[in-house]
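Enquirer: could you look at this predicted model? Sequence included:
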Amino acid sequence: MLEKRMDIERITVSLLCIFSGIILIYLAICGPLVLNILTYKTAETGIFQIMGQDLVNLFLLSSLLIGSGITLFLKKKIALFLIISHPLYLIYYVLSYTVGLEWSSPTLAGNSEKYTFYFLFILISAVITLLYALSIFPQTYKSSFKKKSLGVYSGFYILFLFLFSAMWLGEMSQVMNSGTTRAYEAVPTAFWLIRIFDLGFTIPLGFLSLYLLWTRPNETYAVQFLFYGFFLTMITAVNSMGWVMFFKQDPFFLLRDMSVFSGLWIIVFGGFIFVLRNYQQPAREN
């Protein structure tokens, strides 16, 4: 009975991942990146950022989703690592593409509300996949971190997280003191959503993952993989947004921001490889 229930759960999550991947491809093609029949109520700079994220969704995230669904259905071991890598990103994606739009603006136009149920499907699927992935991921791995190398990595990681925080806090302080800052008047809702989410979730998550590497490395491999899956996919999308803004000659593009995000991508990717190489197969329990 238990085995039958587990099979039903596995097949359900497999199908949710595959359908989410197909929907992600559909939304990216319908959006401003390709057909532009799905339009978003945001300013031009917001459209450029959506195009950059849709580019990543079209090629990277859809492949991760469909690949994780197929491998999970076929009971492949790699499915464990694939399905845990994308749920947090998808939750962030749906919130930014729905709640983060300028719905109260009388001058901007869009029709993305007609696609609400597609976004809801991805959001609900991501939450279910997240809970399922954490439940099946082995809880104990053997780590072999050396304090010296972990210390060097931690130093770079903390430095860039502080730079990231300072960048967003500086812009928020400008708004508090003067009422506006770069791109604020064009996309105020997106401005606050992104900065509150990053300062209240993404950055604390980064510090928490680092803390767990030092204090509970053997017990938190699933959490580390969840964190790094989110960081890698999100920072890749952010860099893609920046490059689209650069090539589209967006006046709100700043080389300073792009340098910080590029540095974060290098640190996060290097950290992911570093963490992977310092974990081995699950330790046997006595």
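Expert: Here it is on my side, so go on. Numbering: from 1, shown residues only.
Enquirer: what is the neighbour count of the nearest residue to residue 275 once chain neighbours are set aside?
Expert: The shortest distance from residue 275 to any non-neighbouring residue, by C-beta to C-beta, 6 or more residues apart in numbering, is to residue 224 (5.7 Å). Any C-beta I mention is one placed from the backbone N, CA and C, and that applies to glycine too. If you count neighbours by other C-beta atoms under 10 Å, residue 224 ends up with 23.
Enquirer: wait, isn't residue 48 in contact with residue 250?
Expert: Yes: if you go by C-beta atoms under 8 Å, residue 48 and residue 250 touch, sitting 5.2 Å apart.
Enquirer: more neighbours, the two?
Expert: Taking residue 48 and residue 250 together and counting by other C-beta under 10 Å, residue 48 has the greater number of neighbours (23 against 18).
Enquirer: may I see the buried residues of whichever strand or helix holds the more buried one?
Expert: Assigned by DSSP states H and E, residue 48 belongs to helix 44-56. The neighbour-count check on helix 44-56 (16 or more other C-beta atoms under 10 Å) flags 45-56 as buried.
Enquirer: using CSV, lay out the residues you listed together with distance to residue 184 and pLDDT.
Expert: Output for those, formatted as CSV (distance: C-beta to C-beta, whole Å; pLDDT from 0 to 100):
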residue, distance to residue 184, pLDDT
45, 11, 93
46, 12, 94
47, 17, 97
48, 16, 96
49, 15, 95
50, 18, 97
51, 21, 98
52, 20, 97
53, 20, 97
54, 24, 98
55, 25, 97
56, 25, 97
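Enquirer: for the stretch 1-150 of the chain, which spans come out with low pLDDT?
Expert: 1-5, 139-140 (pLDDT under 70).
Enquirer: helices of that one, start to end?
Expert: 2-30, 44-56, 62-73, 79-83, 87-98, 116-136, 147-178 (DSSP state H, counting those that start in this stretch).
Enquirer: what is the mean pLDDT for whichever helix or strand residue 275 is part of?
Expert: If you go by DSSP H and E, residue 275 is part of helix 255-277. For helix 255-277, mean pLDDT is 89.
Enquirer: what sits up against it?
Expert: Here helix 255-277 makes contact (C-beta atoms under 8 Å, 6 or more residues apart in numbering) with 149, 153, 156-157, 160, 163-164, 167, 213, 224, 228, 231-232, 235-236, 238-239, 242, 246.
Enquirer: mind giving me the ChimeraX command for buried ones among those?
Expert: Selection of the buried residues among the contacts of helix 255-277 in ChimeraX, burial being defined by 16+ other C-beta under 10 Å:
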select :153,157,160,164,167,213,224,228,231,232,235,236,238,239,242
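Enquirer: tell me, what residue is most central in the protein?
Expert: By C-alpha atoms, centre = their mean, the chain has its centre lying nearest to residue 89, at 2.9 Å.
Enquirer: could you measure from the spatially closest residue to that residue that is not a sequence neighbour over to residue 220?
Expert: Spatial nearest neighbour of residue 89, chain neighbours left out: residue 233 (4.1 Å); criterion: C-beta to C-beta, 6+ apart. With distances taken as C-beta to C-beta, to the nearest Å, residue 233 is found 20 Å from residue 220.
Enquirer: quick revisit: would you say the residue nearest to residue 275 is within a strand?
Expert: No: the assignment for residue 224 by DSSP: H, G, I helix; E, B strand; the rest coil gives helix, which leaves it out of any strand.
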